[in-house]
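*Asks:* sequence first, predicted model second:
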Amino acid sequence: MFNKKTTKCHHSGQHTCDGSINDQAIITVQCMETLNLQHLYTELTEEEVQKIISGSKSKTQTTLPRMGTLLCTTFLEKFGHVDLQKDRNLPVFHPFLKTSWKDLNQLSDPKETPEEISPLQLELLTLMASYKDLCYSETCPLKLGPQVRSAYCLHVLNHVLRANSQVLLHNAQGRERKTKSTVECQEEHRDQGLTRPKVLILLPFRSGALQVVHILLSLLETKGKKIVVSNKKKFKEEFGEDADEKPPNLHRPDDYHAIFAGNVDDHFRIGVSIVRNNMRLYAPFYSSDIIIASPLGLRTILGAEGEKKRDFDFLSSIELLVVDQADVFLMQNWEHLLHVLKHINLQPLDSHGVDFSRVRMWNLNNWARHYRQTLVFSSIQDPQINNILTKHCSNYRGQIASKNLPKTGSICQVLVQLPHVFQMFSSESFIDHDARFRFFVDKVLPQYKDSVISHTLVYIPSYFDYIRLRNYMKKEGMSFTSICEYSSKSEISRARHFFLKGDKQFLLFTERFHFYKRYTIKGIQNLIFYGLPSFPHFYSEVCNMLAEGGPGGAASWTCTALYSRYDAHKLTAITGGQRAGQMLHLNKTVHLFITGEDKTL
């Protein structure tokens, strides 16, 4: 552990911003020290850190007009209270941002003339300015996604500009001291981390990174003032969309087009540095203020334990982490995201030329994770997404998470006449794959083995469960075909043909395939949801596929869905809050709903 008082006479930091600073900036920085940046200058005691580590916390609930119900978690009581009902003014921004923010929504959505700032953005910015961790799980990609992204980009840029302005101010003060004829050695300002990168933004696709950079640039470019952007052409070539690769006339839902618009490559990483009127793209990580990357893009350089060539020191001093479109990461490889989270705010293995006299004491004490703000945005509530905050975050200022329960679920969007049988099974955890498998094999599958019952689609959220079921059906010699996210076009075409004609009794169908392709499967008569869909609207989408025809009629259609008490989030999103509560707590394990022909659920 480092001592609290360390005085050295160095006057230059390894990641110090270059350039002069004017009086306006000095005044602004001095004011800012009493505002949001006080978060970084709060000194925790050993006892407070131990209390955070112990997991001792209190929880309260509050409500905002737009964001609804919020669960507030507090580790240290003196940092717990935020009066969200009274303090809902726009935070104080860096001078560079005060004029450009007015045009931000118009730049992101030129088709309409929105308000200068929406109620949702105001509430988000107020919460982000508290420097508490935030998990907002209603970021619909169609409408709210652009608003949320604009808001967090403003917060990110404000954080970086304030931090850089402070370094410039302290550099100027250091040069001034050196010009004075004095032998007295004054203590340096501790205004930096062990490495320069302050912000990490994780996104699933290059298209998202392109939008983030455009928003950052729009915020910096005030009227009549242009920002010099290095490597702009290279960035557009690598992150923009190739018109020749865009499939023509895809008939897909609107949310599909919103998610997959643009370049959908999921392997990327780019450093961004901002100095005065310059934005440098492709800056080396150790010279960057912001790192924008996908989990896969970082995983390949973070490496694994035992590998000789690996680097994660650049993540040691991250002060602000943004996990955007966390729900899409569930459809990629979630382990890549967890791997990145485990390597943030670790002590660096090399000094990287840092001037330790400028490093904050909490960085030296290995307490950086307690000062990092984490912002998580998703369109769904999911235990794995919730665990980002509960398992991987320990911000001393606490956490805020949205907890709104839908009154009506996605089952109300099912248009076909269909009986829905929900069957509950006993499980010890939300990852208890064995209990689900045994229940399916022993209780559900025997009802469908009769050769008379055909055209049965089995919807499987987990790829590993898909492999297990596929192997079981092969071993049992059952008549089935399968489609997953790794299936080739010919395999998909062949499986759809066999299923439609009835040559194969079962079709195993993975959630990730539906997420990435959204094909309509024809010929379904019986549906089995081996697990509830991660995205609630997938339930109604798949159910409505029965209307696409095939042998038999509506009178013979069936739908069976399996769930356990650990599927509360998914069940609530599909059936609605009130019904889900009854289905989870009543003694009954089988529940029936009827949709179509004006049936009342």
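*Replies:* Received it, and whenever you're ready, just let me know what you need.

*Asks:* what's the first helix or strand after the longest helix belonging to the chain?
*Replies:* Ranked by number of residues, the top helix in the chain under DSSP state H is helix 144-179. Beyond helix 144-179 on the C-terminal side, the first helix or strand identified by DSSP states H and E is strand 199-202.

*Asks:* what lines up beside that next one in the sheet?
*Replies:* Note on strand 199-202: by DSSP bridges, its sheet partners are strand 290-293 (parallel), strand 320-323 (parallel).

*Asks:* need the residues that contact that strand.
*Replies:* 156, 159-160, 209, 212, 289-295, 298, 315, 318-324, 329, 337, 340, 344 (CB atoms under 8 Å, 6 or more residues apart in numbering). To be clear about C-beta, it is placed using only N, CA and C from the backbone, and glycine gets the same treatment.

*Asks:* on that earlier part again, could you dump the strands paired with strand 199-202 to a markdown table with distance to Thr126 and mean neighbour count?
*Replies:* Below are those laid out as a markdown table (distance: least, CB to CB, whole Å; neighbours: other CB atoms under 10 Å):
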| stretch | distance to Thr126 | mean neighbour count |
| --- | --- | --- |
| strand 290-293 | 22 | 24 |
| strand 320-323 | 16 | 24 |
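
*Asks:* with mean pLDDT and distance to Thr374 added, can I get these in CSV?
*Replies:* Formatted as CSV, the strands paired with strand 199-202 follow (pLDDT from 0 to 100; distance: least, CB to CB, whole Å):
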stretch, mean pLDDT, distance to Thr374
strand 290-293, 99, 15
strand 320-323, 99, 5
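
*Asks:* between those, which one is closest to Phe239.
*Replies:* strand 290-293 (9.6 Å; CB to CB).

*Asks:* who touches stretch 423-436?
*Replies:* Residues contacting stretch 423-436 (CB under 8 Å, 6+ apart): 383, 439, 443-444, 462, 464-465, 468, 530-531, 560-567, 583-584, 589-591.

*Asks:* that older thread, for the longest helix of the chain, the averaged confidence score.
*Replies:* Mean pLDDT, helix 144-179: 86.

*Asks:* roughly how far is it from the heart of the chain?
*Replies:* Remark: helix 144-179 is offset 24 Å from the chain centroid, using CA atoms, centre = their mean, to the nearest Å.

*Asks:* restricting to C-alpha, output stretch 443-463 in CSV.
*Replies:* C-alpha atoms of stretch 443-463 as CSV (Å, rounded to 0.1, in the frame of the first residue of the first chain):
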residue,chain,number,x,y,z
LYS,A,443,-42.3,-35.1,-19.4
VAL,A,444,-42.6,-33.1,-22.7
LEU,A,445,-41.0,-35.1,-25.5
PRO,A,446,-43.0,-38.3,-25.0
GLN,A,447,-46.2,-36.4,-25.9
TYR,A,448,-44.8,-35.6,-29.3
LYS,A,449,-43.0,-38.8,-30.2
ASP,A,450,-46.1,-40.3,-31.9
SER,A,451,-45.6,-40.3,-35.6
VAL,A,452,-49.0,-38.8,-36.1
ILE,A,453,-47.8,-35.7,-34.4
SER,A,454,-45.5,-34.0,-36.9
HIS,A,455,-44.3,-30.5,-37.8
THR,A,456,-43.0,-29.7,-34.3
LEU,A,457,-40.5,-26.8,-34.0
VAL,A,458,-38.4,-26.7,-30.9
TYR,A,459,-37.1,-23.2,-30.1
ILE,A,460,-33.8,-23.4,-28.1
PRO,A,461,-32.2,-20.2,-26.7
SER,A,462,-28.9,-21.8,-25.8
TYR,A,463,-26.5,-23.3,-28.4
